[in-house]
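Asks: prediction below, plus the sequence it came from.
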Amino acid sequence: MKTWIIGIIGLAGLAAIVGASYISPAALLAVAVIAAAAVGVGWPHFLGIPAKKTLAVLIGLPGVGAAVAATYLPGPGFLDWTPSFMAAGVMAVFVMQLIRGTGQAQRLESTLGSSAGVLLSCLGAGWIACSRFNGVREMLLVAAISAAIALLAGLIRWPDRVVAPLGIVGAGLAGPLAGLVFSDIAVLPAAVVGVVVGAVLMSFRRLVILRGESLSFAAALGMGLGPVSAVGSLAYFIDKLLIY
């Protein structure tokens, strides 16, 4: 499968998150649960590691739990349980590898890669926290627009040394512009969000390039939604640090 499909999947995920945030908390929760499950299913396929079905459950379930907790926990501690779900997921991955026993293929790669997948799955709860924070969705919209610009830049089939700076700068400029047009967020926090979001998404694009192999749909799904999930928590914490 062509690598540009990953960007399309990421854009579709962003659109679903933004749309659901304006419909209802239940709709946003449903999108977050689907995204966590998709990361769980797709991440082992992207890594090319064994025991994909078991790891899909171990990666996806913590993300689902984190999303549910972020929806129903009282503020301001929307993500108070997220570290616990991350820890539980990582511990489950280690236990699963112990059960597999020594001498199994790709044991170290499976452990480290699956632990990273657990983190990505759980970080998607940040979109819910971002939507609930202060009762407004301004930062969610700024982060989503910045991420969309970075993903669109990533679709350009130019060398990475050109596309990466272009994506970061484009997202850094889109953030303040979106803040001025759609919200009252100051230029500095919006620019910080844009640059950070662009850097994260361009880093994952580089990871896809380094892999250098054709991707299955499941792998593209995991890689397309994993970085998008991480962006939610980044936007939430930047919102708390620089604005609140």
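Replies: Arrived safely.
Asks: all helices for this structure, in order.
Replies: Ranges of helices in the chain, per DSSP state H, are 4-21, 25-47, 52-72, 82-100, 107-123, 125-132, 138-154, 160-182, 187-211, 217-242.
Asks: helices and strands around the shortest one, which ones?
Replies: Counting contacts by 3 or more Cβ pairs under 8 Å, 6 or more residues apart in numbering; DSSP states H and E, the secondary-structure elements packed against helix 125-132 are helix 4-21, helix 25-47, helix 52-72, helix 138-154, helix 217-242. C-betas here are computed from N, CA, C, even on glycine.
Asks: contacts for that helix, please.
Replies: 17, 21, 25, 28-29, 32, 63, 66-67, 69-71, 75, 78-79, 82, 137, 139-140, 143, 229-237, 239 (Cβ atoms under 8 Å, 6 or more residues apart in numbering).
Asks: circling back: which of the helices and strands packed on helix 125-132 is buried the deepest?
Replies: helix 138-154 (a mean of 26; mean count of other Cβ atoms under 10 Å).
Asks: which intervals of the protein have sub-threshold pLDDT?
Replies: Scanning the chain for pLDDT under 70 picks out 1, 103-105, 135-136, 243-244.
Asks: neighbours around the nearest residue to Gly226 once chain neighbours are set aside, how many?
Replies: The shortest distance from Gly226 to any non-neighbouring residue, by Cβ to Cβ, 6 or more residues apart in numbering, is to Leu120 (4.2 Å). If you count neighbours by other Cβ atoms under 10 Å, Leu120 ends up with 25.
Asks: what's the spacing between Leu120 and Phe133?
Replies: Look at Leu120 and Phe133: by Cβ to Cβ, to the nearest Å, they are 21 Å apart.
Asks: show me what contacts the closest residue to Ile168 other than its chain neighbours?
Replies: Closest residue to Ile168 apart from its sequence neighbours, by Cβ to Cβ, 6+ apart: Gly198 at 3.9 Å. The contact partners of Gly198, by Cβ under 8 Å, 6+ apart, come to 146, 149-150, 153, 167-172.
Asks: next one: Ser115
Replies: Contacts of Ser115 by Cβ under 8 Å, 6+ apart are 89-90, 93.
Asks: among the residues you listed, which ones are buried?
Replies: Applying 16 or more other Cβ atoms under 10 Å to these, the neighbour count classes 89-90, 93 as buried.
Asks: quick one: end-to-end distance for stretch 204-220.
Replies: Distance across stretch 204-220, first residue to last, is 12 Å (Cα to Cα, to the nearest Å).
Asks: give me the contacts around that stretch.
Replies: 1, 3, 5-6, 9, 41-42, 45-46, 154, 160, 163-164, 167, 223, 226-227.
Asks: how about it: buried residues?
Replies: Under the neighbour-count criterion of 16+ other Cβ under 10 Å, stretch 204-220 has 204-205, 208, 215, 218-220 buried.
Asks: how far off centre is that stretch?
Replies: Its chain's C-alpha centre and that of stretch 204-220 lie 16 Å apart, by Cα atoms, centre = their mean, to the nearest Å.
Asks: list the contacts of the residue sitting nearest the centre point of the chain.
Replies: The residue lying closest to the centre of the chain (Cα atoms, centre = their mean) is Ser229, at 1.9 Å. By Cβ under 8 Å, 6+ apart, the residues touching Ser229 are 35-36, 39, 63, 120-121, 123-124, 126-127.
Asks: burial count for Gly124?
Replies: For Gly124, using other Cβ under 10 Å, the count is 32.
Asks: roughly how far does the nearest residue to it once chain neighbours are set aside sit from Asp184?
Replies: Once flanking residues are discounted, Gly124 sits nearest to Ser229: 3.4 Å by Cβ to Cβ, 6+ apart. According to Cβ to Cβ, Ser229 and Asp184 sit 27 Å apart.
Asks: ok, Ile168 next?
Replies: 25 Å.
Asks: these two: who's more crowded?
Replies: The neighbour count for Ile168 versus Asp184, taken as other Cβ under 10 Å, is higher for Ile168 (23 against 9).
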